[in-house]
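*Asks:* Fold the following for me, if possible:
(4 chains)
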Number of protein chains: 2
Amino acid sequence: MSESSWRRAAPRPTMRHVAARARVSIKTVSRVVNGVTSVGADLAGRVNAAIGELGYRPHHAASALRRRDGRSSTIAVVLEDLANPFSAALHRAVIDAARARSVLVLAASSDEDPADEREAVAAFTARRVDGVILMPTSADHGWLATELAAGTAMVMVDRPAGGLDAVVSDNRAAAARATAHLLRRGHRRVGFLGDLRDIYTAEERFLGYCDALEEAGFPFDDRLVRRDVYGSEPAERAAVELVTGPEPPTALFTSQNLLTVGAVRALRTLYLHRDVALVGFDDIVLADLLEPGITVIAQDSAEIGRLAAEQLMARIDGDGQPPRLHVVPTRLIPRGSGEIPPPARRRRPNRSSPPSPPSPASLGDIA
Amino acid sequence: MSESSWRRAAPRPTMRHVAARARVSIKTVSRVVNGVTSVGADLAGRVNAAIGELGYRPHHAASALRRRDGRSSTIAVVLEDLANPFSAALHRAVIDAARARSVLVLAASSDEDPADEREAVAAFTARRVDGVILMPTSADHGWLATELAAGTAMVMVDRPAGGLDAVVSDNRAAAARATAHLLRRGHRRVGFLGDLRDIYTAEERFLGYCDALEEAGFPFDDRLVRRDVYGSEPAERAAVELVTGPEPPTALFTSQNLLTVGAVRALRTLYLHRDVALVGFDDIVLADLLEPGITVIAQDSAEIGRLAAEQLMARIDGDGQPPRLHVVPTRLIPRGSGEIPPPARRRRPNRSSPPSPPSPASLGDIA
DNA sequence: CTGAAAGCGCTTACAG
DNA sequence: CTGAAAGCGCTTACAG
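*Replies:* All right, here's what the predicted structure looks like:
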């Protein structure tokens, strides 16, 4: 039990220690610590001196335990993968919004595993977090009702679930816009790459793709579609299959950031990146520096995080309104890849053909 | 005070409620909840039934308050910017390592502001976190001693501070390796872009750059160096200045990821990206898909996070060894930009000259 | 194997 | 303005 100088030796001082040193009651210390102004200057001075000398720190959990509302002033965030840029930005926005109210934030990654998700939420509720922001692994979240009943506020993020508060992007409309962006440039065969179809956003974006086809009067072609693609490597393989198959697409809509990365990699490997148009969902670092730059639908992950945090804290503060669905607008950012025109009609894209210059006349972006 | 069905109405059940329903003492409930096996099957069954019916959840903080060790089983992470990919990956690795021991993780961003940093640490210690992983804003961290004395374990990450445990990359050696990589290909004028020099890593990487010059017997030229560059836009301007100035560098070593992004943008704008060699510190998403691909020193942020978490948890468990400095190796990943040879001697790089093919004979990577 | 009493660090609810 | 008693939800330390 040898403690070096950089390890604590003495037990942590408590209010009792401070009270003894300042020769006041523990209650007076409590008043000073909590900023109650009715304490006399003399006593308050002695208490503050003792706090400084002892290095006293209030014990937040003990305080919360006895307090009326029992708030922990802590919330939690459960996202698919905190290391993913989308989740990381969202997470940071939650922390910033929470900080403004002196609320701390715990976090976990679910990796789309419902068991991990439930385990994380259980661990958080055991710590009596005041609320949880959750990116639900599936829409089937009956178990959430139990958590709610137990007094933990909940707000879904990125995907709705359980009929609770949710903050999402305008996925379907944005996907339709992305697809229309390609159709408007003359593409008739637009391929689709989609994430696991259990995931709400994957389904919505697929529906948006279908919407745009229907709106434009083009038939849906199953052979141009690959769904349930999870991660960038499967996406790369799927893109290669699509583009090297018979009747290949002249454009791709990749409906998630990892899928976009895989598709870009595939097109470059095949040297088709200047021939096959591409619009991705989710912005990507450096996408503007590629040649061509990658046209994307950018989500406002920071705004999603901020709104989710605000909604959650409102619930914690007793907001009893019916559940609310916040839809956050996205932005289509044309950078080149989405503005590649289709090859001349009745000709298949050809590797040895020179890159066709984009048609400036077709660069409008309103769907 | 109208509570909808999705808001809790009844107060949270406690052990007392469970005990009453199961007709046992509160202590027996405690035993069952904590997995003490000596409880009779009959009583244990009644208790578990009551727990299920009531939806009882243990109150972790109350438990910790009374427990001998008083552990909160919570740690905290304070990084420069949680949304930065390096920090996000590190953070995630910390969470994964902590989860294996049922430890939860709080997080905050300091944005290199010492006041924000201290505020965050104070908030965490008030919650009685067992330890903090900190990316210190400066090496001057006398105040950390107080936190340590108060019983909070601390491990620095990315940069050492206060003579405490730290986990860092082999910054200086890696920077020397990166610079030598360029020198070995014949570059004689290698430019340097560095972050704020207060930051330990910025200084170390600068020293590594100097080491390599000295090792190779080349003079240090102040005019090739820009330090205190913070963020990608200033980096872009600095790179433009360097490269368009008199006696411009034929290669750049950009010693942080945002600086690399800025430099890449500058070179592309000037259409010099195939003429001026570039090695960056920190890997970047999609760096391999640029033309040329960006040669980088990749840090193992996940390993840094994992080691920091392990070290911290060892301290929390009473490890009393002297402070330890973990140095995590980096990896040089050649992708093209770092292998661009210098232009023919006595000729300035020329925008209209065709890109020179990399010399395969010079592609070794050991410094 | 089971339970009544005391107490973790703090605040509430009362008194003075 | 100040303080003694009780109690937040739980575990420790004892008894039986």
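*Asks:* A:L106 looks like it's in a helix, true?
*Replies:* No - counting by DSSP: H, G, I helix; E, B strand; the rest coil, A:L106 is not found in a helix; it is strand.
*Asks:* Verify the contact between it and B:L106 for me.
*Replies:* Yes - using CB atoms under 8 Å, A:L106 makes contact with B:L106 at a distance of 5.6 Å. C-beta: built from backbone N, CA, C; applies to glycine.
*Asks:* Overlap in contacts, these two.
*Replies:* Listed contacts common to A:L106 and B:L106 are A:74, B:74; contacts here mean CB atoms under 8 Å, 6 or more residues apart in numbering or on different chains.
*Asks:* Neighbours of A:V279, how many?
*Replies:* The tally of other residues near A:V279 (other CB atoms under 10 Å in any protein chain shown) stands at 29.
*Asks:* And it, how far from A:E215?
*Replies:* Distance of A:V279 to A:E215, given as CB to CB, to the nearest Å: 16 Å.
*Asks:* Up against DNA strand D, what does chain A have?
*Replies:* Of all the residues in chain A, those in contact range of DNA strand D (CB under 7 Å from any atom of the strand) are A:24-25, A:27-28, A:31, A:38-40, A:42-44, A:62, A:65-66, A:70.
*Asks:* Inside helices: which ones of those residues?
*Replies:* Judged by DSSP state H, the residues of chain A next to DNA strand D include A:27-28, A:31, A:42-44, A:62, A:65-66 as members of helices.
*Asks:* Quick check: PyMOL command selecting the buried ones in the residues you listed.
*Replies:* If you want just the buried ones from these in PyMOL, going by 16 or more other CB atoms under 10 Å in any protein chain shown, the selection is:
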select buried, chain A and resi 28+31+43+44+62
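*Asks:* Would you mind giving the ones in helices among the residues of chain A next to DNA strand D as CSV with distance to DNA strand C and pLDDT added?
*Replies:* Converted to CSV, those look like this (distance: CB to the nearest atom of the strand, whole Å; pLDDT from 0 to 100):
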residue, distance to DNA strand C, pLDDT
A:K27, 5, 91
A:T28, 9, 92
A:R31, 8, 92
A:D42, 15, 85
A:L43, 12, 84
A:A44, 14, 87
A:A62, 4, 90
A:L65, 4, 89
A:R66, 4, 89
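*Asks:* Which pair of the residues of chain A next to DNA strand D spans the longest distance?
*Replies:* Across the residues of chain A next to DNA strand D, the longest distance by CB to CB is 33.9 Å; it joins A:D42 and A:G70.
*Asks:* Next, the closest residue to A:L134 other than its chain neighbours: secondary structure please.
*Replies:* Counting by CB to CB, 6 or more residues apart in numbering or on different chains, A:V78 is the residue found nearest to A:L134 once chain neighbours are left out, at 4.9 Å. Classification of A:V78 using three-state DSSP returns strand.
*Asks:* would you put the C-alpha positions of whichever helix or strand A:E215 is part of in PDB?
*Replies:* A:E215 is located in helix A:200-216, with elements delineated by DSSP states H and E. Output in PDB follows, covering the C-alpha atoms of helix A:200-216 (Å, rounded to 0.1, in the frame of the first residue of the first chain):
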ATOM      1  CA  TYR A 200     -34.600   3.400 -41.200                       C
ATOM      2  CA  THR A 201     -32.400   5.700 -43.200                       C
ATOM      3  CA  ALA A 202     -31.500   3.000 -45.700                       C
ATOM      4  CA  GLU A 203     -35.100   2.400 -46.400                       C
ATOM      5  CA  GLU A 204     -36.100   6.000 -46.600                       C
ATOM      6  CA  ARG A 205     -33.300   6.800 -49.000                       C
ATOM      7  CA  PHE A 206     -34.300   3.900 -51.100                       C
ATOM      8  CA  LEU A 207     -37.900   5.100 -51.200                       C
ATOM      9  CA  GLY A 208     -36.600   8.600 -52.200                       C
ATOM     10  CA  TYR A 209     -34.700   7.000 -55.100                       C
ATOM     11  CA  CYS A 210     -37.900   5.200 -56.200                       C
ATOM     12  CA  ASP A 211     -39.900   8.500 -55.800                       C
ATOM     13  CA  ALA A 212     -37.600  10.300 -58.200                       C
ATOM     14  CA  LEU A 213     -37.800   7.500 -60.800                       C
ATOM     15  CA  GLU A 214     -41.500   7.500 -60.600                       C
ATOM     16  CA  GLU A 215     -41.800  11.300 -60.700                       C
ATOM     17  CA  ALA A 216     -39.600  11.300 -63.800                       C
END
